[in-house]
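> Give me coordinates for this.
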Amino acid sequence: MADATFDGDNLLINLPAGQTEVLVERELYSAWKEWLKTSDNAKYPLAMRTVAGDATSPSQDLSPAFFVRNDLGWRLYPPDEDIEIGLVGNIYKEDAALPFILKRVGRTVGIFGDRSVNALDLNTGSGRVL
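Here you go, the predicted model:
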């Protein structure tokens, strides 16, 4: 599986070509953190934020949720091909009133989310159980 790439000048998160499933935590969020540390990429607005691990009860933690900072202009950009892409993980747009996926002109692209039904992790005291 390939990671997304980032275009700070245009505030684009480029989804990998030929990939019908994208793991949000690994191939978007972790890839963005690595990109952020490279060269002078920290000069751009933050592309994502996350919440996770907050205790909701003595035995449950909040599962990771990732937010695309569309309020700062960032958008997901699909590859230049006809494709359906499943985003696996809890991904949301920061501003619900703004789009966070750009359309590819002349292409048929479907992007859908595969979010966790249970947004809580069981905390057994010896680590998270997903």
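> For the protein, just list every one of the strands.
Using DSSP state E, the strands of the chain run over residues 5-7, 12-14, 21-23, 48-51, 55-57, 60-62, 65-68, 75-77, 83-88, 91-93, 109-114, 120-123, 128-129.
> Ok, which of those comes nearest Lys33?
Closest of the strands of the chain to Lys33 is strand 48-51, at 8.5 Å (criterion: CB to CB). C-beta coordinates here come from the backbone N, C-alpha and C atoms, glycine included.
> Tell me which strands the closest one pairs with, and in which orientation.
Strand 48-51 has its sheet partners listed here by DSSP bridges as strand 65-68 (antiparallel).
> How far off centre is the partner strand?
Remark: strand 65-68 is offset 6 Å from the chain centroid, using CA atoms, centre = their mean, to the nearest Å.
> what's in contact with that strand?
13, 24-25, 28-29, 47-52, 74-76, 89-94, 100, 119 (CB atoms under 8 Å, 6 or more residues apart in numbering).
> Quick one: low-confidence residue ranges for this protein.
Scanning the chain for pLDDT under 70 picks out the ranges 115-130.
> just to revisit the earlier point, now render the strands of the chain as CSV, adding mean neighbour count.
Putting the strands of the chain into CSV (neighbours: other CB atoms under 10 Å) gives the following:
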stretch, mean neighbour count
strand 5-7, 16
strand 12-14, 19
strand 21-23, 18
strand 48-51, 15
strand 55-57, 11
strand 60-62, 16
strand 65-68, 20
strand 75-77, 21
strand 83-88, 17
strand 91-93, 19
strand 109-114, 13
strand 120-123, 16
strand 128-129, 12
